[in-house]
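Undergrad: Below is the sequence, then the predicted model.
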Amino acid sequence: MPTVTATDVSELEPPRFVQLVANPVRWALLQQLGRSDRTVRELTELVGQPQNLVSYHLRHLRDAGLVTARRSSADGRDSYHAIDLTVCRDALAHTGKALHPALRLAVTAAAPAGPPPRHRRPRVLFLCTGNSARSQIAEALTIHLSGGGVLAASAGSQPKPLHRHAVRVMRRYGLDIETNRSKHLDELVGERFDKVITLCDRVREVCPEFPNSAELVHWSIPDPSSEVVDGRSTYPAFRRTAFELETRIGFLLPQLTNPHTGGSHTHARR
């Protein structure tokens, strides 16, 4: 029988990702964060575990880069946790390869979805406070990245004019949103959406019920106009916001266009 050396034993250890997610609490946390950004208090309720245990496991997930945390702009005592799906995707690809070279997942950019044949196009609503930047960018990117296969709209709790840097950053994608109108979220409450996504911690606190919609999701994304230098908003902040939204929307679209990847629907939001 062949002798197993110390090197052999090291190579047989499961990848770090497998070791982390094998814990049922961490797996449950990642599943919940895959649906929506959450505070520790919300996660404690959702996974049915004490807060100190949830915080302990979240720290391990943050240290591994699988989860990020941001201080809430609505309540500085809270932080929103978010899953980094890009890191998780790459870790899964590495895990497959570690087991067998033929199991390595190919990571490719998704092609525009296009409207599903003989089915209605999914609808998604993006909300922020002013409907001047984040939600307008998300609306435009969703329509663009889906190739028109997903219908998107946006609104705000306190609408204000479209920010010039939002217009500028969308031109990098070949999109012109200069004539877009800012809308109050009350205009759209009666409409049906497959997902309603709040992009602002403050608007999440005042978001009304959308009774005809399937799922309410939160993405905690800072207001790019709040990053000010010499009294003026900085354009790089809008670039970062657009990039984060582009990444998140890239993972959202398969859920909207493929019913088998949609996951469970939940109305929990507090």
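TA: Received the coordinates, thanks.
Undergrad: average model confidence for stretch 78-85?
TA: Mean pLDDT, stretch 78-85: 96.
Undergrad: for the stretch 1-150 of the chain, what spans make up the strands?
TA: Using DSSP state E, counting those that start in this stretch, the strands of the stretch 1-150 of the chain run over 67-71, 79-83, 123-128.
Undergrad: Tell me which other helices or strands the longest one touches.
TA: To tie it back to what came earlier, the one meant is strand 123-128. Contacts defined by 3 or more CB pairs under 8 Å, 6 or more residues apart in numbering; DSSP states H and E place strand 123-128 against helix 134-145, strand 151-156, strand 195-198. For glycine as for every other residue, the C-beta is placed from the backbone atoms N, C-alpha and C.
Undergrad: wait, which of those is closest to Arg172?
TA: With CB to CB as the criterion, Arg172 lies closest to helix 134-145 of the helices and strands packed on strand 123-128, at 10.9 Å.
Undergrad: quick revisit: for the helices and strands packed on strand 123-128, give me TSV that also has mean pLDDT and distance to Glu209.
TA: As requested, those are exported to TSV (pLDDT from 0 to 100; distance: least, CB to CB, whole Å):
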stretch	mean pLDDT	distance to Glu209
helix 134-145	97	18
strand 151-156	96	15
strand 195-198	96	10
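Undergrad: mind checking which of those is nearest Ala28?
TA: Taking those one by one with CB to CB, strand 195-198 is closest: 21.7 Å.
Undergrad: Check what contacts the closest one and list those residues.
TA: Strand 195-198 has contacts (CB atoms under 8 Å, 6 or more residues apart in numbering) with 122, 124-128, 138, 204, 207, 210, 213-219, 252, 256.
Undergrad: pLDDT below threshold where in this structure?
TA: Along the chain, the parts satisfying pLDDT under 70 run over 1-11, 105-119, 259-270.
Undergrad: tell me the domain boundaries of it?
TA: What automatic domain parsing lists as the domains of the chain is 6-103, 123-261.
Undergrad: Can you tell me which of these is packed in deepest?
TA: domain 123-261 (a mean of 19; mean count of other CB atoms under 10 Å).
Undergrad: rewinding a little: what's the closest of the strands of the stretch 1-150 of the chain to Arg240?
TA: Comparing those by CB to CB, strand 67-71 comes nearest, at 12.7 Å.
Undergrad: between the helices and strands packed on strand 123-128, which one is nearest to Leu20?
TA: strand 195-198 (27.3 Å).
Undergrad: before we move on, back to that, make TSV out of the strands of the stretch 1-150 of the chain and add distance to Ala93.
TA: Shown next, in TSV, are those (distance: least, CB to CB, whole Å):
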stretch	distance to Ala93
strand 67-71	19
strand 79-83	16
strand 123-128	27
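Undergrad: Figure out which of the ones you listed is closest to Leu175.
TA: So among the strands of the stretch 1-150 of the chain, strand 123-128 is nearest, using CB to CB, at 14.8 Å.
Undergrad: Given that closest one, what are its sheet partners and their directions?
TA: Strand 123-128 has the following strand partners under DSSP bridges: strand 151-156 (parallel), strand 195-198 (parallel).
Undergrad: Between strand 79-83 and the lengthiest helix in the chain, find me the angle.
TA: Secondary structure of the chain per DSSP state H: the longest helix is helix 235-257. Counting by axes from the mean of the first three to the mean of the last three CA atoms, to 10 degrees, helix 235-257 lies at 60 degrees to strand 79-83.
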